[in-house]
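Q: Build the 3D model from these lines:
(2 chains)
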Amino acid sequence: MKKNWLSYPYLVWMLLFIFLPLLLVLYYSVTVRTEEGIRFTTEHFRRFLEPIYLRVLLRSLKLAFISTVLCLLLGYPMAMILAGNHFKQKNIMVFLFVVPMWMNFLLRTYAWMTLLEKKGLINTFLSWLGLSPLNLLYTEEAVVLGMVYNFLPFMVLPIYSVLSKIDKNLIEAAEDLGADSFTVFRKVIFPLSLPGVVSGITMVFMPAVTTFVISRLLGGGQFTLIGNLIEQQFLVVGDWNFGSAISMVMILVILLSIAVMSRYEKENEGGGLL
Amino acid sequence: MQEEHIINLVNVSKDYNGTEALNNINLYIRKNEFLTLLGPSGCGKTTTLRIIGGFEEPSTGDVLFNGVRINDLPPYKRKVNTVFQKYALFPHMNVYENVAFGLKIKKMDKKVIDQKVRNILALVNLAGYEKRDIDSLSGGQQQRVAIARALVNEPEVLLLDEPLGALDLKLRQEMQIELKNMQKRLGITFVYVTHDQEEALSMSDTIVVMKEGTIQQIGTPIDIYNEPKNAFVADFIGESNIIDGIMLRDYLVKFAGLEFECVDRGFAADEPVDVVIRPEDIQVVREADSPLKGEVKAVTFKGVHYEMLIDGNAIRWKIQSTVMAPTGAKVGLKIVPDAIHIMKKVTAQ
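A: Prediction:
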């Protein structure tokens, strides 16, 4: 018995709230409303190629890249500890790790503001120690910090889940064949965890490159990212056509990076990595 | 000393958080022999193997390798290689890379590695499979890769943990012969773990029968089959009729309400004993020809022989014979003195 109809509500939902809006965005991005009526144009895309906008794109990519690398460097060891055998309080650790994710994303970011402010917790502590206060908030570093803090779990969890599924016999087999623990990691554990790394990178890079909340709250509007640009065009400037064009560029960037990552993943499935 | 002991286990015990896995094991393994650790699951055979491989440390006692204590030596420093139960082949590498793994770690010359890998793959009949993915191989082929991957390192001792368990009967029998041939040809000491008594009997030079963390008997396959030390060994190695009996005096035992001549001596007068008789050692004769009589309850055809269950003198006898007596037939059972094995009762633990 086929139960295809069970998926109809979902399909309708997709159609109404994802597919149609996307079509609208596409439509806006290639049209312009003039006095004679609506005509097709590529002027919005050409406008995006102006250096001022390209710089925004570049900055978004740069900050997202830095955040992703930091997440990987912090997240991989974390995932290894969580997946480790020796660790008795494993569940508590995973729990502690997941708890912040239950809190609202905005609240968590606001919390960082109160920590980093001129008269925030950190600077109060520094002046109590007799040190001069630091300019922490509204810097590029603060934006990166916010991204790493918010997106770290998306790096840790996929790597953790891949690591904890690795057959312990493989590790013993490698040891048996003469591999010390570093070699076991380099030749067996890390190559086998790559699918987790790839999906972790994807899951951190995507939201990081499109975020506009973190850059606005922690960057104070000085570090306009592409997400802020889109938001501005829609909500402040009211230029839906240009906003749509930037969105289309963003979708393209994301699709491209997904394509690159998935291709990389496939190459590794064949066992080409030595 | 005439024979060289490559591995010695001295008073080795192992417990996991209070559960005893091994209880005071003493065992030596001679150079170039094929030794099998045999027993039901949970008897400690795999733990013993893992202690030799370095994956477990004994709680007490010593492991000696060529006379040197190696308790604390990590696995990667031991001159021992293991063929794991579920092969544990690296899924991200092809056949060649799997086999070359150990040699590459030893930083051998590329050409030497290439030569060795090709030789060993030819030895296990996998020449031409170098570039194949592990997933694309059958169970038997994966098994050969696992063996090749261990053997290519030329270990002094090869440990095998139920390596044929996942294969079907025919393939298993072929691999048994191949393994035995390899062991003879290469002159490597094999320590083999299995719960399959036939496998143990057909391949081993020495069998170590284990039960609940203790060694029950060590001996050649023939010794262990013909002269099992106790009822457990007798029952585990092949099928047996195990009957309560009383040793009246030397060479005379009473069981099933009758007195039988036997070949055993050295028991106390009227000592309760286990009498073990192999199913193929009981002859079915005409009812009038034996004081022990019974009625055939069931007959099963087993290929080479028939297996019959015969009730006689309040005992159900299991008998294997090439001659069949039909169900319901009244027969006599004849047991010659040679077929009667007397064993001391194992005191309940």
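
Q: From the geometric centre of the chain, which residue sits farthest away?
A: Let's take chain A. Residue distances from the centre of chain A (Cα atoms, centre = their mean) peak at residue A:36, which lies 42.8 Å from the mean C-alpha position.

Q: Wait, chain B was what I had in mind.
A: For chain B, the C-alpha farthest from the mean C-alpha position belongs to residue B:288; by Cα atoms, centre = their mean, that distance is 41.3 Å.

Q: Surely that one touches residue B:331?
A: No: under the criterion of Cβ atoms under 8 Å, residue B:288 is not in contact with residue B:331, lying 10.2 Å apart. Glycine gets a C-beta too; all of them are placed from N, C-alpha and C.

Q: Please report the number of neighbouring residues for the nearest residue in space to residue B:277 that is not next to it in sequence.
A: Taking Cβ to Cβ, 6 or more residues apart in numbering or on different chains, and ignoring the residues beside it in sequence, residue B:277 has residue B:241 as its nearest neighbour in space, at 4.6 Å. A count of nearby residues for residue B:241, using other Cβ atoms under 10 Å in any protein chain shown, gives 21.

Q: Let me see the contact set for residue B:241.
A: Residue B:241 makes contact with B:276, B:277, B:278, B:279, B:282, B:315, B:317, B:318 under the criterion Cβ atoms under 8 Å, 6 or more residues apart in numbering or on different chains.

Q: likewise residue B:345?
A: Contacts here follow Cβ under 8 Å, 6+ apart; on that basis residue B:345 touches B:272, B:273, B:274.

Q: ok, so of these, who is nearest residue B:297?
A: Lowest distance from residue B:297 to the contacts of residue B:345 (Cβ to Cβ) belongs to residue B:274, with 23.3 Å.

Q: Look up how far chain B lies from the residue minimising distance to the centre of chain A.
A: By Cα atoms, centre = their mean, the mean C-alpha position of chain A lies nearest to residue A:204, the distance being 2.7 Å. The spacing between residue A:204 and chain B, counted by Cβ to the nearest Cβ, to the nearest Å, is 24 Å.

Q: could you say which helix or strand contains that residue?
A: Element membership for residue A:204 (DSSP states H and E) is helix A:190-210.

Q: In terms of secondary structure, what does that helix contact?
A: Contacts of helix A:190-210 with other secondary structure elements, assessed using 3 or more Cβ pairs under 8 Å, 6 or more residues apart in numbering or on different chains; DSSP states H and E, are made with helix A:51-83, helix A:140-165, helix A:226-232, helix A:240-269.

Q: Just the buried positions in it, please.
A: For helix A:190-210, the buried set under the neighbour-count rule, 16 or more other Cβ atoms under 10 Å in any protein chain shown, comprises A:191-194, A:196-210.

Q: contacting residues around the closest residue to residue B:155 other than its chain neighbours?
A: Distance criterion Cβ to Cβ, 6+ apart; nearest residue to residue B:155, sequence neighbours excluded, is residue B:81 at 4.0 Å. Residues in contact with residue B:81 (Cβ under 8 Å, 6+ apart) are A:176, A:177, B:102, B:150, B:151, B:153, B:155, B:157, B:158, B:159.

Q: For residue B:81, list each beta-bridge partner.
A: When bridges are taken as DSSP bridges, the partners of residue B:81 come out as residue B:158.

Q: Tell me the pLDDT of it.
A: Note for residue B:81: predicted pLDDT of 94.

Q: same question, the one 10 residues further on
A: Among the per-residue scores, residue B:91 shows a pLDDT of 94.

Q: Look up phi and psi at the residue farthest from the centre of chain A.
A: As for residue A:36, its main-chain torsions (degrees, to the nearest 10) stand at phi -80, psi -10.

Q: Next: the one 4 residues further on.
A: Reported as degrees, to the nearest 10, the phi and psi values for residue A:40 are phi -80, psi 150.

Q: go on, residue A:134?
A: Residue A:134 has phi and psi values of phi -100, psi 150 when expressed as degrees, to the nearest 10.

Q: How many residues are close by it?
A: By other Cβ under 10 Å, the residues close to residue A:134 number 12.

Q: Show me which residues of the stretch 101-250 of chain B are close to chain A?
A: With the criterion set to Cβ under 8 Å from any Cβ of the partner chain, the stretch 101-250 of chain B comes near chain A through B:101, B:102, B:105, B:106, B:133, B:149, B:150, B:153.

Q: Nearest residue to the second one in space, ignoring adjacent ones along the chain?
A: Of all residues beyond its chain neighbours, the one nearest residue B:102 is residue A:177 (3.7 Å), with distances taken as Cβ to Cβ, 6+ apart.

Q: Give me the pLDDT value at residue 2.
A: I'll assume chain A. The predicted local confidence for residue A:2 is 65.

Q: that's the wrong chain, I wanted chain B
A: With respect to pLDDT, residue B:2 has a value of 50.

Q: try residue B:123
A: 87.

Q: just checking, it touches residue B:181?
A: No: if you go by Cβ under 8 Å, residue B:123 and residue B:181 don't touch, sitting 10.0 Å apart.

Q: how about the helices in chain B?
A: With DSSP state H applied, chain B shows helices at B:45-53, B:95-105, B:110-123, B:139-151, B:169-186, B:197-203, B:221-226, B:231-236, listed in chain order.
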